[in-house]
Every structure is written in structure tokens, then in C-alpha cells.
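K.L.:
what follows is a predicted structure for the sequence shown.
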Amino acid sequence: NAGVMQNPRHLVRRRGQEARLRCSPMKGHSHVYWYRQLPEEGLKFMVYLQKENIIDESGMPKERFSAEFPKEGPSILRIQQVVRGDSAAYFCASSLAGSSYEQYFGPGTRLTVT
Amino acid sequence: GESVGLHLPTLSVQEGDNSIINCAYSNSASDYFIWYKQESGKGPQFIIDIRSNMDKRQGQRVTVLLNKTVKHLSLQIAATQPGDSAVYFCAGSSSGNTGKLIFGQGTTLQVKP
């Protein structure tokens, strides 16, 4: 029973490039959440999605960041024109429909911007 | 805004002793709390949760206590083992906010053999 999958696990991008982070939720889960973690800090909520819908994007930066969860395939977090301050660990979590609180996390993608 | 915070950044205990990790929150509307364990290089791992209509919940070797009067919760780990060494986060949510979790800063638990 596979858990939440994220890839890549490590991603290095130069300033100005685009970063695409993928998340496959646990089997049967249709709710996906993205969080960002800076070194030595807790996780900060970014966005909550259901299939083909953004439910809450109150934690997303206004520019350069976008997220989607298509009908088929993984959820994607896209960061355009990355800057050094985007360097962080990005975690995806998923939950069952109607059980938004029990969120199970993936291993994360560690983004480094050089 | 709402916040969730932990009292101590680091806690060091002897193997076999009990550990208590504390957390405070600011939002009276918070009605659900989770404790996560995060090992180095890994994602947070669910430990135990509690809803605001309870003041105590027990799992295997872990107990969570919730004091809504002073907006405080704690995680107790019995007979702490070296494998318990990790960063522990409390997170809170309120029923009106779509499941968004607010995380505290984390407490690093170090278990001495």
C-alpha cells in the first residue's frame, strides 16, 4: 500500500528557471495539500486542492507559484522564475474525501536554487 | 493571526524516561490537533490526533492532553527509545478553514542511551 509519492526528491535549479514538483496521493485519496518548510522551521500551508479544483490557495505567493490537480495524473506545484528564497523542502500531503484533517505526508522535494 | 508554537526547541531525555513535549495555540476556534514526528530528510509522520471535545487521547506509548482553557496541548511519550529521536511538531486546524493545518516550530527530542 504505497504512501504519498513525491518526485523528484531533490531538485536543483538556477535562478530564473522553472521548477515542477509532483505529488501522487495515497490510493483512494482525492484531497491534496502542499506545504513549504524552510530550514529549522515548521511547515507552512500553501494550497489545498481536490481533483480539478483549487479549494484554498491562501498560502500561495501571489506571483510565480501555481498548483493543479488534474483529473488524471499527479498534482503539480509549479514555481516559475525561481529565486534563491524559493530554496526549501516542499511537502505534499493527502487525505480521504470528507476527512480533511487526517493528512498523510510524502517524503518531500528539496529544492535548491543556485 | 492564528499561531501554534512549541515551548522548547530542544528536549534531551535519558532512554527509558518519559518525555513531555508542549505546545500552545492562539486561535480559540481551533478544534483539531495533530502531533507529527519528522526524522531527518523525511516527511512528517502522523503520531496521534485529538479533537476539542476530548481532553485526553492515548495511543501506543503516546498520550496527548488538551487543555482548552489555557490553549495548551502536550505529547507524552512513555519509556522513550532511541528511535524516538526526531523533531516533533504540533499542528492545529479549525473546522471552518478547509483543513489547512497550522504548524508549530518543532521540538527536537534527543534520546541519550
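P.N.:
Perfect, I can see it now.
K.L.:
show me which residues of stretch A:4-13 are buried.
P.N.:
Within stretch A:4-13, the residues scored as buried using 16 or more other C-beta atoms under 10 Å in any protein chain shown are A:V4, A:Q6, A:L11, A:R13. C-beta coordinates here come from the backbone N, C-alpha and C atoms, glycine included.
K.L.:
identify those among those residues that sit within helices.
P.N.:
Per DSSP state H, helices hold no members of the buried residues of stretch A:4-13.
K.L.:
near chain B, from these?
P.N.:
By C-beta under 8 Å from any C-beta of the partner chain, the members of the buried residues of stretch A:4-13 lying near chain B are A:V4, A:Q6.
K.L.:
looking at the buried residues of stretch A:4-13, which one is closest to B:S52?
P.N.:
Closest approach to B:S52 among the buried residues of stretch A:4-13 (C-beta to C-beta): A:V4, at 26.7 Å.
K.L.:
which ones are touching that closest one?
P.N.:
Contacts for A:V4 were tallied using C-beta atoms under 8 Å, 6 or more residues apart in numbering or on different chains; they are A:23-26, A:29, A:92-94, A:104-107, B:43.
K.L.:
for B:M54, same thing?
P.N.:
B:M54 is in contact with B:L66, counting by C-beta under 8 Å, 6+ apart.
K.L.:
from B:K37, how far out is it?
P.N.:
21 Å (C-beta to C-beta, to the nearest Å).
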